[in-house]
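In: The following block contains a protein sequence and its predicted model.
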Amino acid sequence: MLRYLVEVVQNLLTTGILAALLFAGLCRGGGAADETDTKDRRLALWGCAAGAAAALVLAVLRRTTALVGRGFVNLWVLSFAVVFGILYLLLLWGALPQTVLRKLPLLRNRPSIANAIPAYVRALLLTALMFYALPTIFLYPTEFTLIGESIFTTDFLFKFIGFAAGLVVVVVTVLALYTTGRTMPASLLRWILTAAMLVNICNQLTSIVQFLLARRLIPMIRWLFRLIVAASTYNFVFFYLLMALSVLLPLVVFAGSFKPLPVCNNPAERRKLRFFRRVNRRQCLTVVAGFMLSVFLLTFVKSYIERGVVLSPAEPMTIMDEELLIPITQIEDGHLHRFAYTTQDGIEVRFIVIKKNAVTYGVGLDACDICGATGYYERKNQVICRLCDVVMNISTIGFKGGCNPVPLAYTLRSGSMIIGTIDLENEKNRFK
């Protein structure tokens, strides 16, 4: 549950913050919107919808086929996002004024299209941001269960709750940030938006160059390699810097809400201003609380869920000729028991045993075909894969499929469980 809560916040909050700032610049409070503002907002919403639709299609292709290379798709999407981000900043600060746009061959004698260029660039930027962030979010629910398993399980419910809680944290925080940004002075909002965009562009360029270096598509320059390694190692700095810039909005608005009220024509107007200030303060506190919760999730909670689970030590057993002998009395308590056999060339092969019912046992390697030799552990009478945190159905241990342990043959004789050493020798490559 906590894993999906953390990952949703980590993968979605950056895009949410940028979208909130972009929309806040469009939807200014305190006055009626003209027709141009309405068209710009509608175009921005269409950009978000197009990005979400494309992300859904990409998620389906990733899930059902092997035709889509994630690295190359991300490379192109990030490249477009960087290009549109730079163009948007140039237009935002007037470095590409309308007079220059009207001189372009395709826009000559078309002033209405030239005037709409900033809106189209903003919409395309939002499309690229959504297209990059949402495929992973759409794919998370497909990881809640293995193929063939029912969704009506406690494990599925907990994972869904974590996923939904992450979405709630992001959506509530982003909506509060958008509402707060609408009440800010336009000049200050523009500065904060510019700084946030530049931080995000630097992060995107780091990912692009890292991919190009890894694929040897650009020469391996020593200083560039060291710079990218440092940027990748401390990638979290971009996220926290973006959050620090964004928190300036609620801080400024919250401080401004305590200024003396202007002269009002009547008591009703004064009460209305007080009401809006109280609403603004609540929105500011919501943003700060959302950011604080996000930091807590991405530091303490993430550290907690990523801590290594220490496997229980191997229990004693008897080796006689080419057989391993485990007393039945040692494994009949219904709990997980781990054993280890060292092969002739010195490789330790682990296997687990658990009593499933009155007459059968689940016996398998401490490894599976999906996650490898990461091992299993017991938690609250459940057997769990240490890598993917999937809860095993104890009744299926000893059978092939999914994340189940690789089955291991055994026999019961004279009060002992007998396992052939040849079977363990044949599986030693899984533990190298």
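Out: Now that the structure is in, tell me what you want to look at.
In: List the buried residues for stretch 409-423?
Out: Neighbour counts using 16 or more other Cβ atoms under 10 Å place 410, 416, 417, 419, 420, 421, 423 of stretch 409-423 among the buried residues. All C-beta atoms are positioned from the backbone trio N, CA, C, and that covers glycine.
In: model confidence over that stretch, on average?
Out: In this model, stretch 409-423 has an average pLDDT of 90.
In: What of stretch 128-136?
Out: 91.
In: Enumerate every residue touching the spatially closest residue to residue 311 that is not a sequence neighbour.
Out: Closest residue to residue 311 apart from its sequence neighbours, by Cβ to Cβ, 6 or more residues apart in numbering: residue 375 at 4.9 Å. By Cβ atoms under 8 Å, 6 or more residues apart in numbering, the contact set of residue 375 is 311, 350, 366, 367, 386.
In: 10 Å - rerun?
Out: Counting by Cβ atoms under 10 Å, 6 or more residues apart in numbering, residue 375 touches 309-312, 338, 350, 352, 365-368, 384-387, 405.
In: and residue 211, how many neighbours?
Out: Neighbour count for residue 211, taken as other Cβ atoms under 10 Å: 17.
In: So it versus residue 238, what's the distance?
Out: 16 Å (Cβ to Cβ, to the nearest Å).
In: ok, back up a step: what's the most distant pair in the buried residues of stretch 409-423?
Out: Using Cβ to Cβ, these reach their maximum pairwise distance at 416 and 423, which is 16.2 Å.
In: before we move on, back to that, looking at the buried residues of stretch 409-423, which are in strands?
Out: Applying DSSP state E to the buried residues of stretch 409-423, the entries found in strands are 416, 417, 419, 420.
In: Could you look up the SS state of the residue nearest to the third one when sequence neighbours are not counted?
Out: Closest residue to residue 419 apart from its sequence neighbours, by Cβ to Cβ, 6+ apart: residue 324 at 4.5 Å. Secondary structure state of residue 324, per DSSP: H, G, I helix; E, B strand; the rest coil, is strand.
In: My guess is residue 324 contacts residue 425. True?
Out: No. Applying Cβ atoms under 10 Å, one finds residue 324 not in contact with residue 425, separated by 11.6 Å.
In: what about the two, which has more around it?
Out: Remark: of residue 324 and residue 425, residue 324 carries more neighbours, 20 against 15, as counted by other Cβ under 10 Å.
In: Check the gap between that one and residue 128 for me.
Out: As judged by Cβ to Cβ, residue 324 and residue 128 stand 58 Å apart.
In: and stretch 12-31, which residues are buried?
Out: Those would be 12-28, for stretch 12-31 by 16+ other Cβ under 10 Å.
In: And stretch 256-268, by the same measure?
Out: Within stretch 256-268, the residues that count as buried by 16+ other Cβ under 10 Å are residue 257.
In: what mean pLDDT does that stretch have?
Out: The average pLDDT within stretch 256-268 is 78.
In: ends of that stretch, how far apart?
Out: 21 Å (Cα to Cα, to the nearest Å).
In: Now do residue 287, the pLDDT please.
Out: Looking at residue 287, its pLDDT stands at 92.
In: so it touches residue 252, yeah?
Out: No. Assessed by Cβ under 10 Å, residue 287 is found out of contact with residue 252, at 11.4 Å.
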